[in-house]
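> predicted structure and sequence below. I'll ask about it afterward.
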Amino acid sequence: MGHAVKSVCVLVVMLASASVSLRLGTKNEESSALRNSEPRIADGANATSNEFPYQVAIVAKGTATLRCGGALIGKNSVLTSAYCANLGTASDIQVVVGNVKLSTEPPSQVVDVDIIFVHEAYDISGRVNDLAVLQLAQTQNIGQPSVDVVKLRSSNVALRSQCSFTGWGSDTWNGAASDVLKKANLTILSTTDCVSQLGQEVQVDQICAVGEGPSNACFLDEGGPLVCDGELTGILSHSLNCGRQGKPSVYAEVAKHKAWIESHIVDAASVNSLSLLTILAMLTALTTFWNSAA
């Protein structure tokens, strides 16, 4: 019976650990040099209500303090950058949906985060695979004028395509976040042009976009959505000098990561079913133990 007790205890601990891990995020220290290239929108125009229903703000829990942007891609799934996700744990942040204003007051819906899935091959040194999926604690009622998902792009975006980028970042380096969602019209560049204008390497899973004059992403816009032809094409990775001097901003390309993204879109029913299965497995293990002890 001693062997049975030991086996059951190990099994129960393993199952409990698996259940608890569903609600944990990740936290890694990031390099201060790359933090200095963290973006916000510079020289953007105000968005109107319901214009970008997929846009979300990632804020410090219990506040309206902006950390990053993101895009709603499922009823309870948000796509953002790995860099942004690594700034804290799931318990440190909340997601604000349904409002062009950076506010936790109605009509904003403030949602807790259950799980953070950071891309397993993310590399801070070059921002390779700079993507993360946030699993929300509550399913969103999508299809509303103010809350809806954005379609993931499946194919490469054409050069010179006109796209929109949105976020609440300020229009100056290290400035305050905007109270109202900003938008900027950007043009897709070739990798060759991007490398030439940036003066640095661009990764194979990245695309670049540039705006007219100083209009571009800037400080605290990371994780925000670049949408071309109505499809989510990129997630902001980084930007230099807030787009000044015609510097392009750099994005993780969604089409190259679509399979990974879709594999991490877990609906609430799946999470609840997994939790139920864990409980049933634990009860079965306990029943087996008591039967063997009798």
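Good, I have the coordinates. Numbers count the residues shown, from 1 in each chain.
> quick check: next helix or strand after the helix or strand of the chain with the lowest mean pLDDT?
With mean pLDDT, DSSP states H and E as the measure, the helix or strand of the chain carrying the lowest mean pLDDT is helix 32-35 (a mean of 38). Taking DSSP states H and E as the definition, the helix or strand that follows helix 32-35 towards the C-terminus is strand 45-46.
> now for that following strand, which elements pack on it?
Secondary-structure packing of strand 45-46 (3 or more C-beta pairs under 8 Å, 6 or more residues apart in numbering; DSSP states H and E): strand 182-189. All C-beta atoms are positioned from the backbone trio N, CA, C, and that covers glycine.
> outside of the strand it packs on itself, list whatever touches it.
Where contact means C-beta atoms under 8 Å, 6 or more residues apart in numbering, the residues beyond strand 182-189 that reach it are 41-47, 51-52, 157-169, 171, 197, 207-212, 215-217, 226, 228, 248-249.
> try 7 Å this time
41, 44-47, 157, 159-168, 207-211, 215-216, 226, 228, 248 (C-beta atoms under 7 Å, 6 or more residues apart in numbering).
> and if you look at stretch 44-60?
By C-beta under 7 Å, 6+ apart, stretch 44-60 touches 65-72, 78, 80, 84, 92-97, 100, 102, 145-150, 166, 168, 171, 180-184, 215, 223, 225.
> which parts of it are buried?
Neighbour-count burial for stretch 44-60, with 16 or more other C-beta atoms under 10 Å as criterion, is recorded at 44, 47, 52-59.
> tell me the one of the residues you listed nearest G175?
When the buried residues of stretch 44-60 are compared for distance to G175 (C-beta to C-beta), G44 wins out at 12.7 Å.
> not counting its neighbours along the chain, what's nearest the closest one?
The spatial neighbour of G44 that comes closest, neighbours along the chain excluded (C-beta to C-beta, 6 or more residues apart in numbering), is K182 at 3.3 Å.
> what about that neighbour, how many neighbours?
Residue neighbour count, defined by other C-beta atoms under 10 Å, stands at 27 for K182.
> for P106, same thing?
The local packing count at P106 equals 9, with neighbours defined by other C-beta under 10 Å.
> what sits against it?
By C-beta under 7 Å, 6+ apart, P106 has no neighbours at all.
> secondary structure and pLDDT added to the buried residues of stretch 44-60, as JSON lines?
Formatted as JSON lines, the buried residues of stretch 44-60 follow (DSSP: H, G, I helix; E, B strand; the rest coil; pLDDT from 0 to 100):
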{"residue": "G44", "secondary structure": "coil", "pLDDT": "73"}
{"residue": "A47", "secondary structure": "coil", "pLDDT": "96"}
{"residue": "F52", "secondary structure": "coil", "pLDDT": "98"}
{"residue": "P53", "secondary structure": "coil", "pLDDT": "98"}
{"residue": "Y54", "secondary structure": "coil", "pLDDT": "98"}
{"residue": "Q55", "secondary structure": "strand", "pLDDT": "98"}
{"residue": "V56", "secondary structure": "strand", "pLDDT": "98"}
{"residue": "A57", "secondary structure": "strand", "pLDDT": "98"}
{"residue": "I58", "secondary structure": "strand", "pLDDT": "97"}
{"residue": "V59", "secondary structure": "strand", "pLDDT": "97"}
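> quick check: L102 touching D179?
Yes. The pair L102 and D179 passes the contact test of C-beta atoms under 7 Å, sitting 5.7 Å apart.
> so between these two, which is more surrounded?
Between L102 and D179, L102 has the larger neighbour count (other C-beta under 10 Å), namely 19 against 12.
> what sits against the residue nearest to the more buried one when sequence neighbours are not counted?
Counting by C-beta to C-beta, 6+ apart, the nearest residue to L102 once its immediate chain neighbours are dropped is W168, at 4.7 Å. Under the criterion of C-beta under 7 Å, 6+ apart, the contact partners of W168 comprise 57, 66, 102, 177-178, 181-182.
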